[in-house]
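[1] sequence and predicted model, in that order:
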Amino acid sequence: MTDATPALPSTVPVAVIGAGTMGSGIALVAARAGHPVLLHDAAPGAIQRGLDGLRRDLDRLVDKGKLSAEARDTQLGRITPLPNIDDIGPAGFVVEAIVEDFGVKRDLFRRIEAAVAPDAILSTNTSSLSVTALAAVLERPERFLGVHFFNPAPILPLVEIVSGHVTTPAVAATAFATCLAWGKTPVHCRSTPGFIVNRVARPFYGETLRLIAEGAATPATLDAILREAGGFRMGPCELMDLIGHDVNYAVTRTVWELLFQDPRYKPSLVQKELVDSGQLGRKSGRGFYDYAKGAAPPVVDDAPAGPRPSRVVIEGDLGP
């Protein structure tokens, strides 16, 4: 891989499979960069809901003076609904962003591979599933890789370019250069459990869920601690509500299983109950917090102010 590898020309059609929050966001990223975009979703009405959501988001930018109405219409005009997945043939770059289910993704990519050109790049936006294992079902696994965006895709810059065991370096380099041309900050990594971000983030969620299970503090209090004392933009409970507990829980289970059930990554019964009850976070209207109109804001348990310590005693060796 070299820095000289060119990005895909903006004339190359990009197909995005999955018109949910993530998929529609990725479609907008590609459309902003000038690509014609084909947007597909198997669920009835999902493509139109995705496009309607994008229009609402762009309308807000227009209202704030951050985007012209002409630019909004141009970006949306580059996105074409693709009702039939078998019509995906013109796409030179495919990004899949559907449910985190290995069998569903596997069957989808077999169908896509049969419809696209031999030199088309196929990619998955999976958060944690093995890119190597998904590629193994294809006739040409060397052109398959992970291109993992973060939510919301139009705003967050990081993209993990995930190479499977047989991914061709030139394919990874092209995906890297293309995401860079899209205004993103791509990073190369291998197909290991959780890749980079989700592997690092598991304790951020897991330790918080353990504290909640033990009754140590409320979600609002733990979020306040991480924001005010840890410097995080969002607390872990707020972030899990934003991501969706179904998605976050599925990623945790996958990482835990792929790491041979390492107890450090054990899923939480607290989060499982939220998923089982349908309280998935913002998208369902309730998770750790209530997102209904007029809902009372969460209450943080603040400790009373104490006297300033007169001295600090350090016991033991601080190490390196």
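    Yep, it's here.
[2] chain center to stretch 102-122: distance?
    Distance of stretch 102-122 from the chain centroid (C-alpha atoms, centre = their mean, to the nearest Å) equals 20 Å.
[3] report the rounded mean pLDDT for it.
    Per-residue pLDDT values across stretch 102-122 average out to 97.
[4] check which residues of it are buried.
    When burial is assessed from 16 or more other C-beta atoms under 10 Å, stretch 102-122 yields the following buried residues: K105, R106, L108, F109, I112, E113, A115, V116, A120, I121, L122. C-beta here means a position set from N, CA and C on the backbone, and glycine is covered the same way.
[5] name the helices or strands packed onto the strand or helix carrying E160?
    Counting by DSSP states H and E, the secondary-structure element that holds E160 is strand 158-163. Counting contacts by 3 or more C-beta pairs under 8 Å, 6 or more residues apart in numbering; DSSP states H and E, strand 158-163 is packed against strand 144-149, helix 169-181, strand 185-190.
[6] what does the first one contact?
    Right, the one you point to is strand 144-149. If you take C-beta atoms under 8 Å, 6 or more residues apart in numbering as the criterion, strand 144-149 is touched by 22, 25-26, 29, 95, 97, 109, 121-127, 131, 134-135, 138, 156, 159-164, 167, 171-172, 175, 179, 184, 191, 195, 197.
[7] give me the number of residues near L269?
    Other residues within reach of L269, judged by other C-beta atoms under 10 Å, total 11.
[8] which residues does the closest residue to it other than its chain neighbours contact?
    Distances taken as C-beta to C-beta, 6 or more residues apart in numbering put A213 closest to L269, at 6.7 Å, once the chain neighbours are dropped. Residues touching A213, when contacts are defined by C-beta under 8 Å, 6+ apart, comprise S268, L269, V270.
[9] ok, T252 next?
    T252 makes contact with R202, Y205, G206, Y265, P267, S268, Q271 under the criterion C-beta under 8 Å, 6+ apart.
[10] kindly confirm my reading that L54 is in a helix.
    Yes - assessed by DSSP: H, G, I helix; E, B strand; the rest coil, L54 belongs to a helix.
[11] which of the contacts of strand 144-149 are buried?
    Those of the contacts of strand 144-149 that meet the buried threshold are 22, 25-26, 29, 95, 97, 109, 121-127, 131, 134-135, 138, 159-164, 167, 171-172, 175, 179, 184, 191, 195, by 16+ other C-beta under 10 Å.
[12] got any ranges where the stretch 1-150 of the chain has weak pLDDT?
    Filtered on pLDDT under 70, the stretch 1-150 of the chain yields the residue ranges 1-3.
[13] at which residues are the helices of it located?
    With helices called from DSSP state H, counting those that start in this stretch, the stretch 1-150 of the chain shows them at 21-32, 46-63, 69-77, 102-115, 131-135.
[14] can you lay out those as JSON lines showing distance to G281?
    As requested, the helices of the stretch 1-150 of the chain are exported to JSON lines (distance: least, C-beta to C-beta, whole Å):
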{"stretch": "helix 21-32", "distance to G281": "11"}
{"stretch": "helix 46-63", "distance to G281": "16"}
{"stretch": "helix 69-77", "distance to G281": "27"}
{"stretch": "helix 102-115", "distance to G281": "22"}
{"stretch": "helix 131-135", "distance to G281": "26"}
